[in-house]
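Q: Build the 3D model from these lines:
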Amino acid sequence: MRIWLDILTPKQANMLGLLSDRLSSAGAEVGITARRYRELTQLLRIKGIGAKLIGEHGGGDLYSKLSASAERILSLARFAKRFAPDLAVSFSSPECARVAFGLGVKHYCISDSPHAVAVSRLTIPISEKLFSPKIIPKAAWERYGISRDSIIQYNALDPAAWIMANSPKPAPEDGLVVFRPEEARASYLLRGESDLGFLRDFLGRLLELDAGARVLIAPRYDPAEFLGLERSFRNVSVLRSVVDGVELLRRASAFVGRGGTMTAEAALMGIPTISCYPLAPTFVERYLIRVGLVRRIPDPKRAAEAAARVLRDPSHRTRASGLASELLSRMEDPIEVIARGILGR
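A: This is a model prediction of the structure:
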């Protein structure tokens, strides 16, 4: 069986990299493609995932996204014609789904993001199967045109797959807060705003309350956007190169996130986690709030005050660690569920 996997983001590299290994060990021939995108291409190297780079990220405006997608479809079509897959699998890749559909190849989708309306509308209706966490109701997907019977659910959140695989041992550094900016160039978050204003307010208040706190900013895109903050605030640093997110989070005493994946990773690793996601909470975020692993505080100064309290009181870490361990112990391996659904076992 020849299976084509298409990877678009660092999260997908974590998940589809593990899936590739599982499928290959079962005897499938796996071909992997990915797009050129700073965080993704560097993480592929770190993880040793041999993907063929085709096309690139479309940037932060709709015309550039459309143009990059159209060009990538043509290039992927040439790849798929040569590779001749029996099945294509992606995490809502519009280009992979469209090429598979055009060539008469079945496309299976993996997604935990029904809030990503644009890519869901372009992929879910032409997918034979959808794999998704059980906490997301099937009705959230049915509105995109897939039947309830075609949705396969797993009792886990996606990051459980690579956290279980890595079994990271925590090594928190006193006073270290990891901050993850928002995914400002995602189609569902094109607001024309910057995280800089939010960060200035957050950093100013945190360092006013705790002069010994240190903040490490992990940018999604160009680190240069945030370098001025290093000069403006003491104890603030910006990651220049991409690192494995789980390895980075091992060092954190607290995490503050404006996105989704790293927020879920931190929560499942037992790190006191504050979400400042700028839109309505996603299904995954609502679940993590409900089980007590995430606090949602959109206001930067209030988020800073909450982070300062976490740094002062180690019991926050003890509580979060216990909750996360208990929750992970009840989750199944998403990769095993997806692999069985693909291989028919």
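Q: From residue 288, how far out is residue 296?
A: 9 Å (CB to CB, to the nearest Å). Yep, even glycine has a C-beta here, placed from its N, CA and C like the rest.
Q: the more surrounded of the two?
A: Shown here are residue 296 and residue 288; by other CB atoms under 10 Å, residue 288 has more neighbours (26 against 16).
Q: Am I right that the more buried one sits in a helix?
A: Yes: according to DSSP: H, G, I helix; E, B strand; the rest coil, residue 288 belongs to a helix.
Q: show me the contacts for it.
A: Counting by CB atoms under 8 Å, 6 or more residues apart in numbering, residue 288 touches 157, 263-264, 267, 273, 275, 294.
Q: How about residue 342?
A: 3, 23, 87, 89, 108 are the contacts of residue 342 under CB under 8 Å, 6+ apart.
Q: right, and the pair among the residues you listed with maximum separation?
A: Greatest spatial distance among those (CB to CB): 23 and 108, at 11.6 Å.
Q: the strands in the stretch 101-250 of the chain, which residues?
A: 106-110, 129-133, 151-154, 176-180, 214-217, 236-238 (DSSP state E, counting those that start in this stretch).
Q: and residue 321, which of those strands is closest to it?
A: It's strand 176-180; of these, that one is closest to residue 321 (CB to CB) at 15.9 Å.
Q: for the closest one, packing partners?
A: helix 196-209, strand 214-217, strand 254-257, helix 261-268 (3 or more CB pairs under 8 Å, 6 or more residues apart in numbering; DSSP states H and E).
Q: count of neighbours near residue 125?
A: With other CB under 10 Å as criterion, residue 125 counts 12.
Q: I'd assumed residue 144 was in contact with it.
A: Yes: using CB atoms under 8 Å, residue 125 makes contact with residue 144 at a distance of 6.0 Å.
Q: For residue 174, which non-adjacent residue is spatially closest?
A: Closest residue to residue 174 apart from its sequence neighbours, by CB to CB, 6 or more residues apart in numbering: residue 253 at 6.4 Å.
Q: got a list of what that neighbour touches?
A: Counting by CB under 8 Å, 6+ apart, residue 253 has contacts 172-177, 271-272, 310-311, 317.
Q: Check residue 121 too.
A: Applying CB under 8 Å, 6+ apart to residue 121 gives the contacts residue 144.
Q: quick one: it and residue 111, what's the gap?
A: 12 Å.
Q: rewinding a little: find residues that contact each of residue 296 and residue 288.
A: residue 275.
Q: what are the phi and psi values for residue 56?
A: phi -150, psi 170 (degrees, to the nearest 10).
Q: Contact partners for the closest residue in space to residue 173 that isn't next to it in sequence?
A: The shortest distance from residue 173 to any non-neighbouring residue, by CB to CB, 6+ apart, is to residue 251 (5.0 Å). Residue 251 is in contact with 171-173, 176, 178, counting by CB under 8 Å, 6+ apart.
Q: can you list the weak-confidence ranges in the protein?
A: Within the chain, the ranges that satisfy pLDDT under 70 run 184-194, 345.
Q: How is it divided into domains?
A: For the chain, automatic domain parsing gives the domain ranges 2-155+333-343, 168-329.
Q: Determine how far the last residue of the last one lies from the first.
A: Domain 168-329 has its terminal residues 15 Å apart, counting by CA to CA, to the nearest Å.
Q: Remind me which helix or strand the residue nearest to residue 173 belongs to.
A: In this structure, residue 251 is located outside every helix and strand according to DSSP states H and E.
Q: For it, grab phi and psi.
A: The phi/psi pair for residue 251 (degrees, to the nearest 10) is phi -90, psi -10.
Q: how near is it to residue 6?
A: 32 Å.
Q: same thing with residue 295?
A: 35 Å.
Q: If you count surrounding residues, which of the two has more?
A: Shown here are residue 295 and residue 6; by other CB under 10 Å, residue 6 has more neighbours (31 against 20).
Q: which element is the more buried one on?
A: Taking DSSP H and E as the definition, one finds residue 6 inside strand 2-7.
Q: tell me the angle of that strand relative to strand 106-110?
A: 40 degrees (axes from the mean of the first three to the mean of the last three CA atoms, to 10 degrees).
Q: Lovely, talk soon.
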